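**Q** need the 3D shape of this:
(2 chains)
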Amino acid sequence: MRLVTRETFRSFQRAPLLSALSVTAIAFSLFTIGLFGLVAVNLRESLRGLEDRVEIVAFVLRGTPVETITLATQDITSFPEVATVTYVNEDEALKRAQQEMVEFRDAYRDLRVNPLPASIEVRLKEGFRDASHVAQVAERIEGFPFVDDVRYGRDWVERLDRLRNLAGVVGLVIGLAFAGVAIVIIGVTIRMTVLQRAREIRIMRLVGATDSFIRGPFLLDGAAKGLLGGLLAVGISWAAFLVFRRSDVLALQSLVFFETRHIAMGLLFGIAIGLGGSLVSVGRHLRNV
Amino acid sequence: MAYPRGGMALKDITFRVAKGEFAFLTGHSGAGKSTVLKLIYGELRPSEGEVRVSGFSVGEITKHEVPRLRRRLGIVFQDFGLLQDRTAEENVAFALEVTGARLDSIAAKVNRVLTQVGLASKARSYPTELSGGEQQRVAIARALVNDPPILLADEPTGNLDERATRGVFQLLRDIHAGGTCVVMATHDLDLVRQTTHRVIELREGAVVYDSAETPIASEGIS
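**A** Alright, predicted model coming up:
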């Protein structure tokens, strides 16, 4: 292991320019993925904000006893998809309407009879806010005999669904394309390193080194370059993120950066492509000589 | 031994070199000297026939066994094959390190072989600081450091002046005197004539002369 580590350091020392080139190539490839990832993360964050607003409202028939509603509320709370259930009685509904619809405040004040029905507002847990789950829960609630009508903005939820799917597919396709390009670039730079050390590999073989022994320093070299490239990419992404967030565009000021686990995944990905690129390049070279 | 694109590099050749023997392989460029050596160290496999080296059958060994075969051999080339960014002692130590030798035994072994080739005082010199003859001595030290029973030398004096040639050749003879089998490919006939060692001459891939006139043995190269 000591030898492998020493040989890896030697490769950095011997060809600082080529090593720097490899690290930079990895860094920029990962940076493009990172930049795209940042867009994806923020898009998901915005979608989550929209999802939070997904709500099912069940209007209750006038005259329904409070006990019946309490029992039903408990029942609905126990649905696996449901996060919170709030009962809004007629008085509260009127008060809310007066507060929220300022232009009708006078009209509401003069009313002798409260025209607004009581309602049960149901919010769903994360992961259940898609059109099919929302529709299922709404249907179940509609089954209660005291429920007059159920609303949840079907069109809006369906549109949200489509947006989410589109973002997922586009994200996957572009992410894979960037990752593919990154792997090719990294493979080429590592192949250059291998060719540069072809003489050394030949001598190693002639003195009786096994292929697995020859691979060792290259794999560590690739992994180290992958890690360095990954760290550099995180640095550049962070710098780009700061630039965007400090911009005058209001929407960009609330941007969020990657979570630690995403960064860790990015670094692991860097190490993996460094290793993979080395493995392929050295393997091909060893087969050909 | 066939060329990958057709034609024969070696044809109907059979000879046997005994343990501890010194044999010259001579012939013009392209006669097949290097091909014979490549067959011995497993860089090439025979397309027909059999090559037996120190208990290995080169045509049949697996890829994983090739390093084991090569650890039984020391190989020296015309171009020395030294790593330019390593000192003489690092070049020699490299052969031990990459074959998994015990780290605490390396320094003593390196010192021993560098002394043997007369370069102990230049152990810390880089190849560019050494003359051609000295570089070839380092290469020979590297070939010897694993104590191989067989030393293969492919035109080891091809890049050297007359004086360096004599020195390197004498070194190879000393190594042979120590009990190592030496097979040396050369086209330098003056060198060959200086000694009474066995001479195997190749022409167009066939043996045209063998001073030992060894009868056809079961082990040979085809």
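**Q** make sure residue A:144 is indeed in a helix.
**A** No. Checked against DSSP: H, G, I helix; E, B strand; the rest coil, residue A:144 lies outside a helix; its state is coil.
**Q** you'd agree it is up against residue A:58?
**A** Yes. Proximity of residue A:144 to residue A:58 meets the contact threshold set by C-beta atoms under 8 Å, at 7.4 Å. Heads up, the C-betas are built off the backbone N, CA and C, glycines and all.
**Q** more neighbours, these two?
**A** A direct count of neighbours by other C-beta atoms under 10 Å in any protein chain shown for residue A:144 and residue A:58 places residue A:58 higher, at 27 against 20.
**Q** now for residue B:124, how many residues are close by?
**A** Neighbours of residue B:124 (other C-beta under 10 Å): 10.
**Q** er, residue A:104 actually
**A** Neighbours around residue A:104, by other C-beta under 10 Å: 11.
**Q** kindly report the same for residue B:205.
**A** Residues near residue B:205, counting by other C-beta under 10 Å, number 20.
**Q** next SSE after the helix or strand of chain A with the lowest mean pLDDT?
**A** Across the helices and strands of chain A, mean confidence by mean pLDDT, DSSP states H and E is lowest for helix A:105-109: a mean of 69. As assigned by DSSP states H and E, the chain's next helix or strand after helix A:105-109 is strand A:119-124.
**Q** mean confidence for that next one?
**A** Taken as a whole, strand A:119-124 has an average pLDDT of 89.
**Q** got phi/psi on the residue lying closest to residue B:128 once chain neighbours are set aside?
**A** Computed as C-beta to C-beta, 6 or more residues apart in numbering or on different chains, the closest residue to residue B:128 that is not its neighbour in sequence is residue B:84, at 6.5 Å. Main-chain torsions, residue B:84, degrees, to the nearest 10: phi -70, psi -20.
**Q** return the residues in contact with residue B:84.
**A** Going by C-beta atoms under 8 Å, 6 or more residues apart in numbering or on different chains, residue B:84 touches B:126, B:127, B:128.
**Q** right, and the helix or strand after the top helix by length along chain B?
**A** Longest helix in chain B by number of residues (criterion: DSSP state H): helix B:162-177. For helix B:162-177, the succeeding helix or strand toward the C-terminus, using DSSP H and E, is strand B:181-186.
**Q** anything in that following strand near chain A?
**A** No. If you take C-beta under 8 Å from any C-beta of the partner chain as the test, strand B:181-186 misses chain A, and the best it gets is 15.1 Å.
**Q** which elements pack onto that strand?
**A** Packed against strand B:181-186, as judged by 3 or more C-beta pairs under 8 Å, 6 or more residues apart in numbering or on different chains; DSSP states H and E, are the following elements: strand B:22-26, helix B:33-40, strand B:150-154, helix B:162-177.
**Q** quick one: the helix or strand that comes right after that strand to chain centroid distance?
**A** The helix or strand immediately downstream of strand B:181-186 is helix B:189-193, counting by DSSP H and E. For helix B:189-193, the separation from the chain centroid amounts to 18 Å (computed by C-alpha atoms, centre = their mean, to the nearest Å).
**Q** if I look at residue A:256, how far off is chain B?
**A** From residue A:256 over to chain B the distance is 48 Å, taken as C-beta to the nearest C-beta, to the nearest Å.
**Q** what does chain B put close to chain A?
**A** Residues of chain B lying close to chain A by C-beta under 8 Å from any C-beta are B:41, B:63-64, B:67-71, B:75, B:81, B:83, B:85, B:94-95, B:97-100, B:103, B:142, B:146.
**Q** if we can go back for a sec, for the helices and strands packed on strand B:181-186, give me JSON lines that also has distance to residue A:279.
**A** Below are these laid out as JSON lines (distance: least, C-beta to C-beta, whole Å):
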{"stretch": "strand B:22-26", "distance to residue A:279": "39"}
{"stretch": "helix B:33-40", "distance to residue A:279": "28"}
{"stretch": "strand B:150-154", "distance to residue A:279": "32"}
{"stretch": "helix B:162-177", "distance to residue A:279": "40"}
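**Q** any stretches of the stretch 151-289 of chain A with poor pLDDT?
**A** In the predicted model, the stretch 151-289 of chain A carries pLDDT under 70 at residues A:288-289.
**Q** residue ranges of the helices in it, please?
**A** In the stretch 151-289 of chain A, the segments counted as helices under DSSP state H, counting those that start in this stretch are A:154-196, A:198-206, A:211-245, A:250-253, A:260-288.
**Q** now chain B
**A** Along chain B, counting by DSSP H, helices occupy B:33-40, B:66-70, B:88-97, B:103-116, B:132-144, B:162-177, B:189-193.
**Q** so of those helices, which one's packed in deepest?
**A** helix B:132-144 (a mean of 25; mean count of other C-beta atoms under 10 Å in any protein chain shown).
**Q** and the angle from it to helix B:88-97?
**A** Here helix B:132-144 runs at an angle of 20 degrees relative to helix B:88-97 (axes from the mean of the first three to the mean of the last three C-alpha atoms, to 10 degrees).
**Q** which ones are touching the spatially most central residue of chain B?
**A** Residue closest to the average C-alpha location in chain B (C-alpha atoms, centre = their mean): residue B:152, at 1.4 Å. Applying C-beta under 8 Å, 6+ apart, we find residue B:152 in contact with B:37, B:40, B:41, B:73, B:74, B:75, B:76, B:183, B:184.
**Q** what do you get if the cut-off is 10 Å, keeping everything else the same?
**A** For residue B:152, the contact set (C-beta atoms under 10 Å, 6 or more residues apart in numbering or on different chains) comprises A:206, B:25, B:36-38, B:40-41, B:53, B:73-77, B:143, B:181-185.
**Q** what are the phi and psi angles of residue 54?
**A** As the question left the chain open, I've gone with chain A. Main-chain dihedrals, residue A:54, degrees, to the nearest 10: phi -70, psi 130.
**Q** next: residue B:78.
**A** Torsion angles, degrees, to the nearest 10, at residue B:78: phi -60, psi -40.
**Q** ditto for the one 5 residues further on
**A** Taking degrees, to the nearest 10, you get phi -80, psi 120 for the backbone angles of residue B:83.
**Q** residue A:114 too?
**A** Torsion angles, degrees, to the nearest 10, at residue A:114: phi -70, psi 110.
**Q** in the stretch 1-150 of chain A, what residue spans correspond to helices?
**A** Per DSSP H, counting those that start in this stretch, the stretch 1-150 of chain A carries helices over the ranges A:2-14, A:16-51, A:66-77, A:90-100, A:105-109, A:131-142.
**Q** so for residue B:137, what's the pLDDT?
**A** In the predicted model, residue B:137 carries a pLDDT score of 94.
**Q** switch the helices and strands packed on strand B:181-186 over to TSV; also include distance to residue A:253 and mean pLDDT.
**A** Output for the helices and strands packed on strand B:181-186, formatted as TSV (distance: least, C-beta to C-beta, whole Å; pLDDT from 0 to 100):
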stretch	distance to residue A:253	mean pLDDT
strand B:22-26	79	94
helix B:33-40	69	92
strand B:150-154	71	95
helix B:162-177	75	92
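**Q** so for stretch A:192-203, first residue to last residue, what's the gap.
**A** End-to-end distance of stretch A:192-203: 18 Å, with C-alpha to C-alpha, to the nearest Å as the criterion.
**Q** equivalent analysis for stretch A:137-157, please.
**A** Its first and final residues considered, stretch A:137-157 spans 13 Å by C-alpha to C-alpha.
**Q** tell me the buried residues in that stretch?
**A** Neighbour-count burial for stretch A:137-157, with 16 or more other C-beta atoms under 10 Å in any protein chain shown as criterion, is recorded at A:137, A:138, A:140, A:141, A:144, A:146, A:147, A:150, A:152, A:157.
**Q** min pLDDT across the residues you listed, which one?
**A** Across the buried residues of stretch A:137-157, the bottom pLDDT score, 76, is held by residue A:157.
**Q** next, the contact list for that one, please.
**A** Taking C-beta under 10 Å, 6+ apart, we find residue A:157 in contact with A:50-51, A:53-56, A:129-135, A:138.
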